[in-house]
Each structure stands twice: as C-alpha cells, then as structure tokens.
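> Need a 3D model of the sequence below.
(2 chains)
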Amino acid sequence: EAQVTQNPRYLITVTGKKLTVTCSQNMNHEYMSWYRQDPGLGLRQIYYSMNVEVTDKGDVPEGYKVSRKEKRNFPLILESPSPNQTSLYFCASSRRGTGDAYGYTFGSGTRLTVV
Amino acid sequence: SQKIEQNSEALNIQEGKTATLTCNYTNYSPAYLQWYRQDPGRGPVFLLLIRENEKEKRKERLKVTFDTTLKQSLFHITASQPADSATYLCAPDNYGQNFVFGPGTRLSVLP
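The predicted model follows:
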C-alpha cells in the first residue's frame, strides 16, 4: 500500500530533550515536506525537500531541523523542544515532474506535547 | 505577503443540496490549485488539482473552477451526503515552494 508513515503517533516530552519524528514514504516521491497544525492557525509549512540532499525552509522553520539523506526518509528533529512546539505534525510527499504538479500524500500525524 | 482566504469557517447545508466553497488568494500567482479534505485528527486527503490554464475540473460529485483573473477557486459538491462532512482546504501551488494551505471551511451536511 502506498503510504507515508510517521512515528510516533503520540509523544509527550519535556522541555529541552532532543527528539526526532520519523517520516518514510514508499512511493519513490521526490518531494517531501513537514507541516504543523494548530487551532486557528491552520497548516503551516516547516521545511520541505525537493530531492535528496536538497532542503529549504518553509514559513515556520525556527526550532526545527531536517535532513534528506535518502529519498524515502525525511526526519524532523527538535534539538531543544519548547512548549510552543506543542502541535499536531504532518509529513507529506509528492511526485514532482518538470512543469507539473501532483497531489500530496499525508501521513497520519504526530501529536506532540512538550511540557 | 501571500494570503489565502476561504469563504467561511463553517458551512451547514441540507443533504442532497450542492455545497459551494470559495478560496481566494492575494499576492500570489499559483500555477495550480489543489483541494483537500481533512477529517478531525487525521491528515489531509488530496481530492483535485486544477491548472491555471484550466477553467473547470470534475471528479464524480466534485467540481472545481479556477479563475486566475479573480484569483479565486470554487469547489462544489453536488448531491451532498452526511459523509461529506469534513474540513476542506484549498492550497495554491507553485511547485512546492511556499506551498501554503488556506484556513479551511468546515462543512456539515445535515440529514
């Protein structure tokens, strides 16, 4: 089954303790992206990657890191989480072709709470 | 800066009627516009994509229009059903750079 897999689904952590949220897709998609969703603020892009070793900032990159060492994986790293990073996180991937665009496939989400 | 507006936060309609959702954008010239459905606590699900040179796109009971002059897209669900109740998001797209979602419209289809 074609899918984007995020882990964990739920995570409670303490301020300052480094964590990684994993994202993996099995569709050979070039494009991957991370979003956070907060009530009243909608979906906001954190980072995106157009292909392996190519990443760029979205609208809210502060406090986050990403890497794209291989095509299928795009982990989101919080080096020193703070309570304002409590949110619902989604990873998404898409096929990209020159001069065209395709719909995104989203993961099931990771609900992160930082206390 | 780019701004995306969707006509209302919530829309209630009777089963069987046509639901029309609006997406307006400013300071932006997207090559595509995408529509997604999102159920509570779940990831958005892709529904339709329309290109800037297309006026209309259909898929089963769904229809999307794209007016680049008005900077507006309309999303229609005909013969609506309670199962169509969800939040619908529009997303103007320029190949993934600054891929921004609208705030969404929560649709409730009443039996």
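> contacting residues around the residue sitting nearest the centre point of chain A?
Geometric centre of chain A, nearest residue: A:Trp34, 2.7 Å, by C-alpha atoms, centre = their mean. Applying C-beta atoms under 8 Å, 6 or more residues apart in numbering or on different chains to A:Trp34 gives the contacts A:23, A:45-48, A:58, A:64, A:66, A:74, A:76, A:89-92. (Each C-beta comes from the backbone N, C-alpha and C, glycine too.)
> Which element, helix or strand, includes residue 46?
Defaulting to chain A. Element membership of A:Ile46 [criterion: DSSP states H and E] is strand A:42-51.
> that's the wrong chain, I meant chain B
Secondary structure from DSSP H and E places B:Phe46 in strand B:45-51.
> for B:His44, phi and psi?
No, residue B:44 isn't His; it's Pro. phi -60, psi 150 (degrees, to the nearest 10).
> measure the closest residue to it other than its chain neighbours to A:Thr55 for me?
Using C-beta to C-beta, 6 or more residues apart in numbering or on different chains and skipping residues adjacent in sequence, the residue nearest B:Pro44 is B:Tyr36, 3.9 Å away. Look at B:Tyr36 and A:Thr55: by C-beta to C-beta, to the nearest Å, they are 23 Å apart.
> and the two? which has more neighbours close in?
Counted by other C-beta atoms under 10 Å in any protein chain shown, B:Tyr36 and A:Thr55 do not tie: B:Tyr36 has more neighbours, with 23 against 18.
> before we move on, back to that, the strand holding B:Phe46 close to chain A?
Yes: counting by C-beta under 8 Å from any C-beta of the partner chain, chain A has neighbours in strand B:45-51: B:45-47, B:49.
> between the residues you listed, which is closest to chain A?
B:Phe46 (3.1 Å; C-beta to the nearest C-beta).
> excluding its backbone neighbours, what's nearest the closest one?
Closest residue in space to B:Phe46, ignoring its immediate chain neighbours: A:Gly103 at 3.1 Å, by C-beta to C-beta, 6+ apart.
> any weak-confidence spans in chain B?
In the predicted model of chain B, residues B:95-98 satisfy pLDDT under 70.
> how about the residues of it that lie near chain A?
Counting by C-beta under 8 Å from any C-beta, the positions of chain B adjacent to chain A are B:31-32, B:34, B:36, B:41-47, B:49, B:89, B:93, B:95-104.
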